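[1] Dropping the sequence and predicted coords here.
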Amino acid sequence: MRSLINVSSILILAALVIAVGIGCTQTGERDVSSHAEIALPPPSLVGKVSVEAALAKRRSVRSFAQQDLTLQQTGQLAWAAQGITDASGGRRTSPSAGAIYPMKVYLVKHDGVFEYVPDGHKLRRLFGDDRRADLNSQPSVRQAPLDIVITGDYAKTRAKYDERAERYVIIEAGHIGQNIHLQAVALGLGSVSVGAFNDGVVTEVLALPSRETPLYIIPVGYPSGT
C-alpha cells in the first residue's frame, strides 16, 4: 500500500514539474531549444524607389491588410535597420556613436518572435507563438503582420560616453526607425511609429535581458485597402 502511495506521489510531482515548465515557456522565458537560425535572402542594394520619392511618400499607416510579408521583404527591413554594409569593419546601415552598436532588433510575427543577427544576415527564433497582441493594445500593433521592436543597451554606450550615453542610444533608435520607414515605402508597404507602450510588458513578452530597454515598436505591412 505504501509503495502505491509513493508511486502516486511521484506521478503527481512529475505532472507538477511539467506544468510549471510549460507555464514558464508561455510566460516569457526563452526556450533555448527553439533557437533555430533562419538564413535570409541577400538584401537588395538597388531599388525602384528613390530616396527622395520615399521621403515624399512616407506617411504613418495604422491599418493593415491581412497579408503576410515574404522572407525577402522581412530580411530587407531587418537589413535596413541594422544590416552590415562593411564586412571588414562591421559598419551598419544606421550610424552609431563610436560604432558601438548597442541596439537589437526583434521581429514579432504570427509564427513567432525572432532576433535579427546582423553578422550573417539571419534570424534567430526565440519563441514559436504569436505574441503581437501581447505587446500592445493598439490596433496597429495587433493587426500588422510584422512588429519590429528596437531595444538599446545604455550600459554598453555608457562605458565610453558616460552621461551622454542615453542621448546617443535614443538618437540611434531614431536613425534605425527612419531607415525602416523609408525601406517600407520602397517595398510598397506602410508603417507607423509607436512609442506609447509599457516597457515592462514588452520586456516580459520578449523576455528581454535586463540590460536591454525597449525604445520603439514599428508595425509594418500592406496598407489596408491596397
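    On my side now, so go ahead.
[2] The nearest residue to Leu189 once chain neighbours are set aside: what's it in contact with?
    What sits nearest to Leu189 in space, not counting adjacent residues and going by Cβ to Cβ, 6 or more residues apart in numbering, is Val220, at 5.7 Å. C-betas here are computed from N, CA, C, even on glycine. For Val220, the contact set (Cβ atoms under 8 Å, 6 or more residues apart in numbering) comprises Leu69, Leu77, Ala144, Pro145, Leu146, Asp147, Ile148, Ile180, Ala184, Leu189, Gly190, Ser191.
[3] Which strand residues bridge Val220?
    In this entry, Val220 is beta-bridged to Leu146, Ser191, by DSSP bridges.
[4] how far away is it from Ala186?
    According to Cβ to Cβ, to the nearest Å, Val220 and Ala186 sit 12 Å apart.
[5] overlap in contacts of the two?
    Residues touching both Val220 and Ala186 (Cβ under 8 Å, 6+ apart): none.
[6] okay, the residue nearest to Leu189: pLDDT?
    Val220 is assigned 98 on the pLDDT scale.
[7] Name the SS class of the residue nearest to Ser44 when sequence neighbours are not counted, please.
    Take Ser44 and drop its neighbours on the chain: the residue closest to it by Cβ to Cβ, 6+ apart is Gln76, 6.3 Å away. Under DSSP: H, G, I helix; E, B strand; the rest coil, Gln76 falls in the helix class.
[8] Going along the chain, name the strands of the chain.
    37-39, 84-86, 91-92, 103-109, 112-117, 122-127, 146-152, 190-191, 213-221 (DSSP state E).
[9] quick check: angle from the fourth one to strand 112-117?
    The reference is to strand 103-109. Put simply, strand 103-109 runs at 150 degrees to strand 112-117, going by axes from the mean of the first three to the mean of the last three Cα atoms, to 10 degrees.
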